[in-house]
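Novice: kindly generate the corresponding structure for this input.
(chains A and B)
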Amino acid sequence: MNRVVITGAGTVNALGGNVQQTLEAMREGCSGISPLEFRDVDRLSVKIGGQVRGFDGARHFNSQKIALYDRFTQFTLVAAREAMEQSGLIFSGELAETAGVVLGTAAGGINTWDDNFRSVYEDGKNRVHPLVVPKLMNSAATSHVSMEFNLQGPSLTVSTACASSNHAIGLAFQMVRSGMTRAMIAGGSESMLTFGGIKAWEGLRVMSKSACRPFSANRSGMVQGEGAGVFVLETYVDAKVRGADILAEIVGFSMTSDASHIVMPSKHGAARAMRGALLDAKMDVTDVGYINAHGTGTSANDKTECAAVVDVFGAHSDKLMISSTKSMHGHLIGGTGAVELLACVMALRDGVIAPTIGHEIADPDCALDVVPNIARNAKVKGVVSNAFAFGGMNAVLALKGV
Amino acid sequence: MSIKDKIIVIIAEQGLLDVTDVKLEATLDDLGIDSLGVVESIFAIEEEFDIEVPFNANAPEKSDFDISSVGSIVVAVEKLVAEQI
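Specialist: Numbering: from 1, shown residues only, chains lettered A, B, ... in the order given. Reported below is the predicted structural model:
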């Protein structure tokens, strides 16, 4: 069994165009949530989101390439380049033949679907661009990452709604740990801030029209974000031999299924996933100093998640910190776990715990230390990152500092 | 059909019930309608009466739309329909 470490990280999200900007914003407790800007937004009742501003694909890709890249693929590639540059890893020879990429997304190329449905249904056109299919497929981002970095081993896209990224990172972790491969790229991406995407979410009536306030008694629902988070995973030994800068060690992963309801979460499924990750990591509950919560800002999630934490951590739940960075970058759906892993790395590496912003009134059903509004300096040994998806798919990662 | 009767039809359909089993004093929970059923019922009401129902599934009790019983829904919809005219 190999020890598995992260040696590169990259991101694009509403808080910043790279990891440094994102972590700075988290430290400062900044909000990336603002009025949405896209066609027909006036026909929506939900008009806010964690939209990526000032992202110009043409700055990163030539016109030939960009014809193939949906916005979710563009975010992924920019984040992957940052992660690869940081890691310094080069995929060649035997390593290239065995290394791969696992990415999560829920809606894949929904911008491309949206634009082309408009074109044929609304505008009555009878012809679409010839590359619509390879642009919109959920696995497009994964394929383009494999091509750009010469990854010829196990590569796939995982789609488990809001848990997609955690599942993707967890699977890549297991592949490296088991010795199936020595290195993997993993993470996730989402770009669902389109008229059709938000219109669909409006229907569920769980979206806030004002702000994302996880664990706050006056919460009014979730706020969507967009972006990507990508990581380079490799064996501890390889990273040491290369002299790479190790950001953190992934030590445990667990997946469970509630097998109960298509939208309502279950305390038992969430608790089993957290317990499973600790068991897999051979960590005691007291080793965990910080939990990056799923923390969507819906009452269903927040109350269930806090109850599950108390179930698993018992008396120690009063000593640990738990925060939801969705309050700042919004809920990136299939990409969310990847961006949230950055907060976990920051906790382990820099000793800074990202806050839950927008927290105004304590909720007795969420009576944990939710690090309200202001980041905190604290030394933590181990962290846990939760992702609990619609349909009861749960994926929890456990990490340690190196 | 009156607003009340139309709402009873919508709720009966959602709960897979006979319209005669939907009493005004019943709660949606009594009728076996869960949170998803509530959201679907409200959608059906919006479509039927062409109104916007102010309802947030995160905090149903804090919404301006009272769904505590079939009767309260009828009253709330009558008010919204009247406001629209």
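Novice: those helices in chain B, which residues are they?
Specialist: Assigned by DSSP state H, chain B shows helices spanning B:3-15, B:35-49, B:70-84.
Novice: kindly report the residues of the stretch 1-150 of chain A close to chain B.
Specialist: Counting by C-beta under 8 Å from any C-beta of the partner chain, the stretch 1-150 of chain A comes close to chain B at A:Ser45. In short, each C-beta sits where N, CA and C put it, glycine included.
Novice: what about the nearest residue to B:Asp34 once chain neighbours are set aside, how many neighbours?
Specialist: Counting by C-beta to C-beta, 6 or more residues apart in numbering or on different chains, B:Asp34 lies nearest to A:Met264, which is 8.0 Å off, once chain neighbours are set aside. For A:Met264, the count of nearby residues is 15 (other C-beta atoms under 10 Å in any protein chain shown).
Novice: likewise A:Arg39?
Specialist: A:Arg39: 11 neighbours (other C-beta under 10 Å).
Novice: I'd say it and A:Gly196 touch.
Specialist: No: counting by C-beta atoms under 8 Å, A:Arg39 does not reach A:Gly196; the two are 10.6 Å apart.
Novice: tell me which residues touch residue 53, please.
Specialist: Just so you know, I chose chain A. Listed by C-beta atoms under 8 Å, 6 or more residues apart in numbering or on different chains, the contact set of A:Arg53 reads A:14, A:34.
Novice: right idea, wrong chain: chain B
Specialist: B:Val53 touches B:42, B:45-46, B:65, B:76-77, B:80, counting by C-beta under 8 Å, 6+ apart.
Novice: next: A:Ala25.
Specialist: A:15-16, A:32, A:328.
Novice: which one of these is nearest chain B?
Specialist: The closest of the contacts of A:Ala25 to chain B turns out to be A:Met328 (C-beta to the nearest C-beta; 19.2 Å).
Novice: isn't the closest one up against A:Arg27?
Specialist: No: A:Met328 is beyond contact range of A:Arg27, at 10.5 Å (criterion: C-beta under 8 Å).
Novice: intersection of neighbour lists for these two?
Specialist: Joint contacts of A:Met328 and A:Arg27 (C-beta under 8 Å, 6+ apart) are A:Ala354.
Novice: the more surrounded of these two?
Specialist: A side-by-side neighbour count of A:Met328 and A:Arg27, using other C-beta under 10 Å, places A:Met328 first with 29 against 18.
Novice: tell me the secondary structure at the more buried one.
Specialist: helix (DSSP: H, G, I helix; E, B strand; the rest coil).
Novice: check B:Gln84 and give its pLDDT.
Specialist: With respect to pLDDT, B:Gln84 scores 82.
Novice: what is the neighbour count of it?
Specialist: 10.
Novice: residues in contact with it?
Specialist: Contacts of B:Gln84 (C-beta under 8 Å, 6+ apart): B:50-51.
Novice: same check on A:Val312?
Specialist: A:271, A:274-275, A:278, A:285.
Novice: would you format those residues as TSV with pLDDT included?
Specialist: Output for the contacts of A:Val312, formatted as TSV (pLDDT from 0 to 100):
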residue	pLDDT
A:Ala271	98
A:Met274	98
A:Arg275	98
A:Leu278	98
A:Val285	98
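Novice: chain B: which of these is nearest?
Specialist: Checking the contacts of A:Val312 one by one against chain B (C-beta to the nearest C-beta), the nearest turns out to be A:Ala271, at 21.1 Å.
Novice: what about the closest one, distance to A:Ala307?
Specialist: 8 Å (C-beta to C-beta, to the nearest Å).
Novice: tell me which of those two has more neighbours.
Specialist: A:Ala271 (22 against 16).
Novice: got the angle between the helix or strand hosting A:Cys306 and helix B:35-49?
Specialist: In the assignment (DSSP states H and E), A:Cys306 maps to helix A:299-313. For helix A:299-313 against helix B:35-49, the angle by axes from the mean of the first three to the mean of the last three C-alpha atoms, to 10 degrees is 180 degrees.
Novice: pretty sure A:Gly179 contacts A:Arg3?
Specialist: No: the pair A:Gly179 / A:Arg3 is not scored as a contact, 11.5 Å apart, by C-beta under 8 Å.
Novice: of those two, which one has the most company?
Specialist: The residue with more neighbours, out of A:Gly179 and A:Arg3, is A:Arg3; 17 against 11, by other C-beta under 10 Å.
Novice: compare the contacts of A:Val312 and tell me which is most surrounded.
Specialist: A:Met274 (27 neighbours).
Novice: just the helices in the stretch 201-350 of chain A please.
Specialist: Listed in chain order, the helices of the stretch 201-350 of chain A (DSSP state H, counting those that start in this stretch) span A:236-242, A:267-281, A:299-313, A:326-329, A:336-350.
Novice: give me whichever of those helices is most buried.
Specialist: helix A:326-329 (a mean of 32; mean count of other C-beta atoms under 10 Å in any protein chain shown).
Novice: what does that one contact?
Specialist: A:13-15, A:22, A:25-26, A:29-33, A:50, A:211-214, A:222-223, A:225, A:227, A:295-297, A:336, A:339-340, A:354-359.
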